[in-house]
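Undergrad: 3D, please:
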Amino acid sequence: MTRPRLHGEGDALGPDSLRTITIDLGMDRVGSLRWRLRSLWFATLAGFGVHRTSRAWSRYTGYAVHVPGPFWRRWWLMLKPPPAPPPGGVPTGPPPWAGPPESELGVAVPLRTVLVRQPGVVIALTECVAFSNGFNLGIAVRSQAQLDHRGLGFGPPSEADREMTLRVGVRFADGRESAASGFGPNPEVMAYYLAWHEGREPEVPAGPIIARGGGGGGGKHFDFQYWVWPLPPDGPLTISCEWRARGVPLSSTEADGGAIRAAGSKSTNLWE
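TA: Numbers count the residues shown, from 1 in each chain. From the prediction side, this is the model:
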């Protein structure tokens, strides 16, 4: 097979050919610079809320301003000073039921057991650390197949996701109970900040409150931390989980609430 002959290959380059090549290279450089300048300009406009549209505006600039009212209003909203705090003031820190004290390391309680063992999936309770105002629970999820992160509380939730996501709950010996999934902040904590914002005195919930404090993973394994407030009373503490998306029914195990409470009483302030 013969190689196709390129245009001008093997031909002598005359003055006209050299002039054409020089002009073409110059136009390429000008076009590249133009493209870079346009990209920089359009990126700057996008930062100020100027977005691409079609037809009428695109015939002139390719962009239009989608801001209600005059354009200077967006600049004013960006540069005006922040609003004054509400009359009730701002809370100095999170409420005690939002998480463990920053000045404590906590006391570990020997608690490690499998909550669910089904074909292809295992959910285990891996740790328990008690503080002066509550305790942390570690939950581990393992699977033989890839896990869908949406069923574990990651990504934008829908009503179906809320019903099908992994739920972890606790039940105290006195009958009080609570459960939480991974979607959104704790409702009691949000109600606390809303009361401050509206100038009302925040109410102290009865508890227990359980909320996911953190976690992550990927692929076939995920690990989570759940915060529970307050410390449980003496007697059996029931820790349960349910995961409808994977066909996991409500499963539970019992721990010694008195042992967790005793460990919490030994958690001391690091700075005292």
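
Undergrad: Just the helices from the chain, written as ranges.
TA: Under the criterion DSSP state H, the chain contains helices at 15-47, 72-79, 159-164, 187-197, 257-265.

Undergrad: By mean pLDDT, show me the worst of those helices.
TA: Mean pLDDT values for the helices of the chain show the minimum at helix 15-47, a mean of 57.

Undergrad: can you give me the strands for the stretch 151-272 of the chain?
TA: If you assign secondary structure with DSSP state E, counting those that start in this stretch, the strands in the stretch 151-272 of the chain sit at 167-171, 177-180, 209-218, 221-229, 236-243, 248-256.

Undergrad: Pick out the shakiest of these, pLDDT-wise.
TA: Taking the mean pLDDT of each of the strands of the stretch 151-272 of the chain, the lowest value is held by strand 209-218, a mean of 85.

Undergrad: Which other helices and strands does it contact?
TA: Secondary-structure packing of strand 209-218 (3 or more Cβ pairs under 8 Å, 6 or more residues apart in numbering; DSSP states H and E): strand 135-143, strand 167-171, strand 177-180, strand 221-229. To be clear about C-beta, it is placed using only N, CA and C from the backbone, and glycine gets the same treatment.

Undergrad: and that strand, which residues are buried?
TA: Within strand 209-218, the residues that qualify as buried by neighbour count (16 or more other Cβ atoms under 10 Å) are 209-213, 215, 217.

Undergrad: Of the helices and strands packed on strand 209-218, which is nearest Arg244?
TA: strand 167-171 (8.5 Å; Cβ to Cβ).

Undergrad: The helices and strands packed on strand 209-218 into TSV, with extra columns for distance to Ser103 and mean neighbour count?
TA: Conversion of those to TSV gives the following (distance: least, Cβ to Cβ, whole Å; neighbours: other Cβ atoms under 10 Å):
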stretch	distance to Ser103	mean neighbour count
strand 135-143	15	21
strand 167-171	25	22
strand 177-180	25	17
strand 221-229	16	21
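
Undergrad: Tell me which of the ones you listed sits nearest to Lys266.
TA: Taking Cβ to Cβ as the criterion, strand 135-143 is the member of those that comes nearest to Lys266, at 12.3 Å.

Undergrad: So what touches the closest one?
TA: The contact list for strand 135-143 (Cβ atoms under 8 Å, 6 or more residues apart in numbering) reads 100, 106, 109, 115, 120-129, 147, 152, 166, 168, 170, 213, 215, 217, 220-228, 231-232, 239, 241, 260, 263-264.
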